[in-house]
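Asks: next come a sequence and a model predicted from it.
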Amino acid sequence: MATLEIHDLHVSVEAENGPREILKGVDLTIKQGETHAVMGPNGSGKSTLAYSLAGHPKYTVTGGTVTLDGEDVLEMSVDERARAGVFLAMQYPVEVPGVSVSNFLRTSATAVRGEAPKLRTWVKEVREAMEQLQMDPAFAERNVNEGFSGGEKKRHEILQLELLKPKIAILDETDSGLDVDALRVVSEGVNRVRESGEVGTLLITHYTRILRYIKPDFVHVFANGRIAESGGAELADKLENEGYESYVKGGASA
């Protein structure tokens, strides 16, 4: 069973007055088959956690460890992390002019699987996944995310998730900018991957609405750069009713 272990993680970014610490000692363990929801206000460090795990060069790890099945993730390059089974669905997916969706997906699958998927079975696999996500097959020949709506970009992220089958999926505010119908379709895609029991999911969000579709095993409240409280799905209901104010004030006073 694959396990991602984060221990006492500290991360800084460069600011005008020098390095500014964003993550201040994060401890979290995610196992294959588990779904962890990380919730918190803007500026609490949730996205910093996601991008640090993926290896974004903007973020500097100043302390702590991250391991996947005992292997040091922080020593891996971005592509090595992806091949090891770490997947990031971005909050703001970028456009990649000149690269078609079909080429991007097959190249990614080849890198992750270690060999090129057989063309006939691959085309069928992609077509079926696109149908389930209610994506027009014509999108396969368009440039990656170029001219896509917000909902189309998010569906493309989940299409990658379904086809690449990572060990650990980090979903950074996948619900951001989605209408009700798109949220349902995207959530169904995430749930199809979860049903395999082979993926550990880290779901980062502000709101509880996506948790009506994707039921977490664990909920963590993120405030002031660390996990302030952890619990079961009932913790999300508490946050819906009470908000984050008590966590933010508590961290500030500490």
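Replies: Nice, thanks for sending it over.

Asks: show me what contacts residue 198?
Replies: 32-33, 165, 167 (CB atoms under 8 Å, 6 or more residues apart in numbering). C-beta coordinates here come from the backbone N, C-alpha and C atoms, glycine included.

Asks: redo that, cut-off 10 Å
Replies: Going by CB atoms under 10 Å, 6 or more residues apart in numbering, residue 198 touches 1-2, 32-33, 85, 165-167.

Asks: flag whichever of the residues you listed scores worst on pLDDT.
Replies: Among those, residue 1 carries the weakest pLDDT, at 81.

Asks: count the neighbours of that one for me.
Replies: For residue 1, the count of nearby residues is 11 (other CB atoms under 10 Å).

Asks: that one touches residue 200, doesn't it?
Replies: Yes. Counting by CB atoms under 10 Å, residue 200 is a contact partner of residue 1 at 8.9 Å.

Asks: okay, and the common contacts of the two?
Replies: With CB under 10 Å, 6+ apart as the test, residue 1 and residue 200 both reach 31-34, 167.

Asks: sorry, back to before: for residue 141, state which of the contacts of residue 198 is nearest.
Replies: Of all the contacts of residue 198, residue 141 sits closest to residue 165, with 23.6 Å by CB to CB.

Asks: quick check on that closest one: phi, psi?
Replies: Here is the backbone geometry of residue 165 (degrees, to the nearest 10): phi 50, psi 70.

Asks: how far away is it from residue 55?
Replies: Taking CB to CB, to the nearest Å as the measure, residue 165 falls 20 Å from residue 55.

Asks: picking up where we left off before, are any of the contacts of residue 198 buried, and which?
Replies: Buried members of the contacts of residue 198, counted by 16 or more other CB atoms under 10 Å: 2, 32-33, 85, 165-167.

Asks: next, the closest residue to residue 176 other than its chain neighbours: secondary structure please.
Replies: Leaving aside its sequence neighbours, residue 176 sits nearest to residue 91 (CB to CB, 6 or more residues apart in numbering; 5.6 Å). The assignment at residue 91 comes out as coil when based on DSSP: H, G, I helix; E, B strand; the rest coil.

Asks: so who does residue 91 touch?
Replies: By CB under 10 Å, 6+ apart, the neighbours of residue 91 are 46-47, 50-51, 154, 157, 171-177, 204.

Asks: and the helix or strand residue 82 falls within, what's buried?
Replies: Assigned by DSSP states H and E, residue 82 belongs to helix 78-84. Judged by neighbour count using 16+ other CB under 10 Å, the buried positions of helix 78-84 are 81-82, 84.

Asks: in the protein, mark out all the helices, start to finish.
Replies: With DSSP state H as the criterion, the chain has helices at 46-54, 78-84, 101-113, 119-132, 150-164, 180-194, 234-242, 245-253.
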